[in-house]
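J.: Predicted coordinates and the sequence they were generated for:
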Amino acid sequence: MSAANAPLAVITGGQGALGQALTRILREGGWDVRSPGRSELDVTCGESVHRFFSDLPGCRALILNAGTTGDSPVARLTPERWQHVMTTNLRGAMACTRAALPLLLRTGGGQLIYIGSRAGLSGAIGQAAYAASKAALVAFSASMAREYGAKGIQSNVVLPGWMDTAMTRRAPAAAAQRALESHTLGRFTTTDESARFIAFLLTCTSISGQVFHLDSRPAIPF
């Protein structure tokens, strides 16, 4: 496929470990990939979102990967930290989705893939804001699947699980060990494994409104 005819995919938070793995694997699969970092696309800034998506010729896939944690016990969780997490993880995803919708519709449909977290289904100590924002993403994705399925837009959530990223490297060693022990296979998912799954999902035309767990912990129904 020529570069001019390659389908275009946008990955928010594109300079992180998963974003970079996705960029490489999708490009190997023939996609034209835009993977902006925060300096190019700040999902918390409406003007930045509008400017970025206004410059795109079209879009076949939007992978909503930008996020933050803001970890804190609820007793010390300030309204400002709560709002920052919600603005980044939830409002940022909504803003980018709204900006990309005309582009997806212009190209005859496409896929929305939201990068979620197991914490959004199970809750997590010290991550109330993060868990709440990721839980809301599941409901938002399901709503998008219902609202736009008839127009050819698929919407799904992928839970990559614990991966080796800048975010998880900040976790205490004891927390990482507990997480590892909860995996029946005794290993974490890699960023490449998650990226390959997402690349596969982009080849599917009849899957929407789903939540995919990518590790070996027992799935939690939602």
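T.: Good, I have the coordinates.

J.: Only C-alpha atoms from now on, for both contacts and neighbour counts.
T.: Fine.

J.: Residue 165 reaches residue 19, doesn't it?
T.: No. Residue 165 lies out of contact with residue 19 (Cα atoms under 8 Å); the separation is 10.5 Å.

J.: Neighbour count: these two, which is higher?
T.: Comparing residue 165 with residue 19 by other Cα atoms under 10 Å, the one with more neighbours is residue 19, at 23 against 13.

J.: tell me the contacts of the more buried one?
T.: 11, 12, 13, 35, 65 (Cα atoms under 8 Å, 6 or more residues apart in numbering).

J.: 6 Å - rerun?
T.: Under the criterion of Cα atoms under 6 Å, 6 or more residues apart in numbering, residue 19 has no contact partners.

J.: So it, which state does it fall into?
T.: Per DSSP: H, G, I helix; E, B strand; the rest coil, the secondary structure class of residue 19 is helix.

J.: How about residue 10?
T.: Quick answer, by three-state DSSP: residue 10 is strand.

J.: Surely it and residue 60 touch.
T.: No. With contact defined as Cα atoms under 6 Å, residue 10 does not count as touching residue 60 (8.4 Å).

J.: how about low-confidence regions in this structure?
T.: Applying pLDDT under 70 to the chain flags residues 1-4, 166-171, 221-222.

J.: May I ask you to name the longest helix in it?
T.: Using DSSP state H to define each element, the chain has its longest helix at helix 128-148.

J.: Which positions in that helix come out as buried?
T.: For helix 128-148, burial by neighbour count (16 or more other Cα atoms under 10 Å) applies to 128-138, 140-142, 144-145.

J.: got it, and stretch 30-50?
T.: 31-37, 41-44, 48-50.

J.: Cool, thanks, signing off.
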